[in-house]
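A.B. asks: pasting the structure only:
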């Protein structure tokens, strides 16, 4: 999956570093596209020597490389680099740099969405001693947002419930959805499967989790079993396809980045 970058390691502990010429400086435009360069499936970023900005916020490090965000600087340019969407990078690159890009995008979206205080309306400023935004007027502190969501492998005998979204990602997927106020993750599983496919479930069990910066998510994977006849009553507003598919007939996604694809793969290979 995208976060599996061993032996490399992403260190997300906050440090009040100052940008140097060797540090990566990640520049996003107003549409959220990242200034980057791709070659033969590898991804590279601009550095402090390539781009000059007024404010650079420290994000994290990967091994011995530090990553900064060009804060409120949507018009950066550098020779040999182009702006690309995170989805484009997902489809054409891989490795620790792609995970860094996803994580930086997550933080960029949070900074973009939190310019003003939700209590008093004053402009927020970077905290300085932790990864947060602070209101200089009322003292309100805002931390990065993480959206919990479930990925669900619903099993019925030797088949699994495969779906495709009506909009967005075009490849095979599993039932998925966000956790709502006042419910557990297990309740989210049961509700989302019922809402999207009309199938009741039982024996819900945790599998694995994954950070997914593209949507500011924490994805939590579960397997469960169909409870009852398994008749599908698909929500056509959410899905364009939902079918019980045998192991041998499962068509996987074109890369191994997502928790969804791993869950489909281990079922296809009869490992669960």
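C.D. replies: Perfect, I can see it now. Since the model is a prediction, treat every value here as computed from it, not as a measurement.
A.B. asks: partner residues bridging the residue most central in space within the chain?
C.D. replies: Geometric centre of the chain, nearest residue: residue 212, 1.9 Å, by C-alpha atoms, centre = their mean. In this entry, residue 212 is beta-bridged to residue 217, by DSSP bridges.
A.B. asks: Which residues lie in contact with residue 150 in this structure?
C.D. replies: Counting by C-beta atoms under 8 Å, 6 or more residues apart in numbering, residue 150 touches 176, 177, 179, 185, 188, 189, 192, 219, 220, 221, 222. Heads up, the C-betas are built off the backbone N, CA and C, glycines and all.
A.B. asks: before we move on, the earlier item: tell me if I'm right that the residue nearest to the centre of the chain and residue 218 touch.
C.D. replies: Yes: taking C-beta atoms under 8 Å as the definition, residue 212 is a contact partner of residue 218 at 7.3 Å.
A.B. asks: Now do the shared contacts for the two.
C.D. replies: What both residue 212 and residue 218 touch, as defined by C-beta under 8 Å, 6+ apart, is the set residue 149.
A.B. asks: re earlier: just the pLDDT for the residue nearest to the centre of the chain.
C.D. replies: On pLDDT, residue 212 comes in at 96.
A.B. asks: Got the domain ranges for the chain?
C.D. replies: By the record's domain assignment, the chain is partitioned as 10-113, 116-145, 147-268 (automatic domain parsing).
A.B. asks: So which bits of the host helix or strand of residue 91 are buried?
C.D. replies: Assigned by DSSP states H and E, residue 91 belongs to helix 86-92. Buried residues in helix 86-92, counted by 16 or more other C-beta atoms under 10 Å: 86, 89, 90.
A.B. asks: Now render the residues you listed as JSON lines, adding distance to residue 203 and pLDDT.
C.D. replies: Below are these laid out as JSON lines (distance: C-beta to C-beta, whole Å; pLDDT from 0 to 100):
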{"residue": "86", "distance to residue 203": "35", "pLDDT": "95"}
{"residue": "89", "distance to residue 203": "38", "pLDDT": "95"}
{"residue": "90", "distance to residue 203": "33", "pLDDT": "93"}
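A.B. asks: neighbours around the closest residue to residue 11 other than its chain neighbours, how many?
C.D. replies: Nearest residue to residue 11 in three dimensions, chain neighbours excluded: residue 61, at 4.7 Å (C-beta to C-beta, 6 or more residues apart in numbering). Neighbours of residue 61 under the rule other C-beta atoms under 10 Å: 19.
A.B. asks: and residue 61, what helix or strand is that in?
C.D. replies: strand 56-62.
A.B. asks: Report the contact partners of residue 15.
C.D. replies: residue 58.
A.B. asks: That one falls within a helix, correct?
C.D. replies: No: using DSSP: H, G, I helix; E, B strand; the rest coil, the assignment for residue 15 is coil, not a helix.
A.B. asks: Quick check: the gap between the residue of the chain most remote from its centre and residue 9.
C.D. replies: Ranked by distance from the centre of the chain (C-alpha atoms, centre = their mean), the top residue is residue 229, with 34.0 Å. Using C-beta to C-beta, to the nearest Å, we find residue 229 at a distance of 47 Å from residue 9.
A.B. asks: who touches the closest residue to residue 233 other than its chain neighbours in this structure?
C.D. replies: Closest residue to residue 233 apart from its sequence neighbours, by C-beta to C-beta, 6+ apart: residue 198 at 3.0 Å. By C-beta under 8 Å, 6+ apart, the contact set of residue 198 is 231, 232, 233, 234, 235.
A.B. asks: which of those residues lies closest to residue 204?
C.D. replies: Residue 204 has its nearest neighbour among the contacts of residue 198 in residue 232, at 18.7 Å by C-beta to C-beta.
A.B. asks: Test my guess that that closest one contacts residue 242.
C.D. replies: Yes: assessed by C-beta under 8 Å, residue 232 is found in contact with residue 242 at 5.3 Å.
A.B. asks: Of these two, which one has the most company?
C.D. replies: Using other C-beta under 10 Å, the more surrounded residue of residue 232 and residue 242 is residue 242, with 23 against 16.
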